[in-house]
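> Need a 3D model of the following:
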Amino acid sequence: MAHSRPYWEELAQFVEKREKASCQDRMSVEEAGHFHSLYLRVSSDLVRVRSCSSCQELVEYLENLLSCAYSEIYQTQGKPHFSFMHWFVFSLPDAVRRRYKALCLSVLITLLGVAMGGLYVVSFPESKPDLLGGLIHLHSSPTERVQKEESGVYKASASDEGVFASSLMTHNARVGIFTAVSGISFGFITFILLLYNGIISTSS
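Reported below is the predicted structural model:
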């Protein structure tokens, strides 16, 4: 059984490593497959040792090793504790890197809309209300809106401000969800929404 001893030692090292690992340290697919193959190999060796060897200590060693490996393979782990710092430093950058092409494309489409809206407003400033449509509160410049608010020409009540704030939140949520769902149109509707959002951002 001398040729099998390196597999026993490797499995023992693997089990020791897993026992020291935290819940967030997941095995890769390759590691899990290798771990399982070692477990099966040592299980076969245990059967041969029981039938061919009279060394009870070796049998007990392999039984203990396999029991530890079994618990590592089939144990039910609890939900890992959520760490905002781990999510911010590792999980979020990983997600961005996996989808960086789509993110760059979205930014470019929005910037294209910003350029188109700015060029349109500069070329045809009198047509700005037509471009903004029903967004009446954006027909004037931010400076003019602040001056009206401070002069008392338009004084919004607390209920009006609450309704306006809630409408903004629900509108943004609807746009975000609709943009995501519109991926079913092969990105066409998503393209239009991103472009329009860029145009409105410049025009306002």
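> CA only for contacts and neighbour counts going forward, please
Fine.
> Neighbours of Arg174, how many?
Arg174: 12 surrounding residues under other CA atoms under 10 Å.
> Would you check how far apart it and Val114 are?
21 Å (CA to CA, to the nearest Å).
> Equivalent analysis for Ser123, please.
Relative to Val114, and taking CA to CA, Ser123 is found at 14 Å.
> The two: who's more crowded?
Val114 (22 against 10).
> what residues are up against the residue nearest to the more buried one when sequence neighbours are not counted?
Leaving aside its chain neighbours, Val114 sits nearest to Gly198 (4.4 Å; criterion: CA to CA, 6 or more residues apart in numbering). Contacts here follow CA atoms under 8 Å, 6 or more residues apart in numbering; on that basis Gly198 touches 109-115, 117.
> In JSON lines, list those residues along with pLDDT.
Output for those, formatted as JSON lines (pLDDT from 0 to 100):
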{"residue": "Ile109", "pLDDT": "92"}
{"residue": "Thr110", "pLDDT": "90"}
{"residue": "Leu111", "pLDDT": "93"}
{"residue": "Leu112", "pLDDT": "93"}
{"residue": "Gly113", "pLDDT": "89"}
{"residue": "Val114", "pLDDT": "89"}
{"residue": "Ala115", "pLDDT": "91"}
{"residue": "Gly117", "pLDDT": "84"}
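> Please spell out the PyMOL selection for the buried subset of those residues.
Listed next is the PyMOL selection for buried residues among these, using 16 or more other CA atoms under 10 Å:
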select buried, resi 109+110+111+112+113+114+117
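> Among the contacts of Gly198, which lie within helices?
109-115, 117 (DSSP state H).
> All the strands of this protein, in order from the start?
For the chain, no strands are identified by DSSP state E.
> In it, where is pLDDT below threshold?
In the predicted model of the chain, residues 1, 22-25, 53-54, 75-82, 128-142, 144-146, 148-150, 152-161, 164, 203-204 satisfy pLDDT under 70.
> In it, what residue spans correspond to helices?
Under DSSP H, the chain gives helices at 5-20, 29-52, 56-74, 84-86, 92-98, 100-123, 128-132, 142-151, 158-181, 188-203.
> Can you tell me which of these is most buried?
helix 188-203 (a mean of 19; mean count of other CA atoms under 10 Å).
> Give me the angle between it and helix 158-181.
Orientation check (axes from the mean of the first three to the mean of the last three CA atoms, to 10 degrees): helix 188-203 against helix 158-181 gives 140 degrees.
> Grab the CA positions of helix 188-203 and hand them over as CSV.
Taking Å, rounded to 0.1, in the frame of the first residue of the first chain, the C-alpha atoms of helix 188-203 are listed here in CSV:
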residue,chain,number,x,y,z
PHE,A,188,-33.3,48.0,-28.6
ILE,A,189,-35.7,49.5,-26.1
THR,A,190,-32.8,49.7,-23.5
PHE,A,191,-30.8,51.6,-26.1
ILE,A,192,-33.7,54.1,-26.6
LEU,A,193,-34.2,54.6,-22.9
LEU,A,194,-30.5,55.2,-22.2
LEU,A,195,-30.3,57.6,-25.1
TYR,A,196,-33.4,59.5,-24.0
ASN,A,197,-32.1,59.7,-20.4
GLY,A,198,-28.9,61.3,-21.6
ILE,A,199,-30.8,63.8,-23.8
ILE,A,200,-33.1,64.8,-20.9
SER,A,201,-30.1,65.1,-18.5
THR,A,202,-28.4,67.7,-20.7
SER,A,203,-31.6,69.5,-21.6
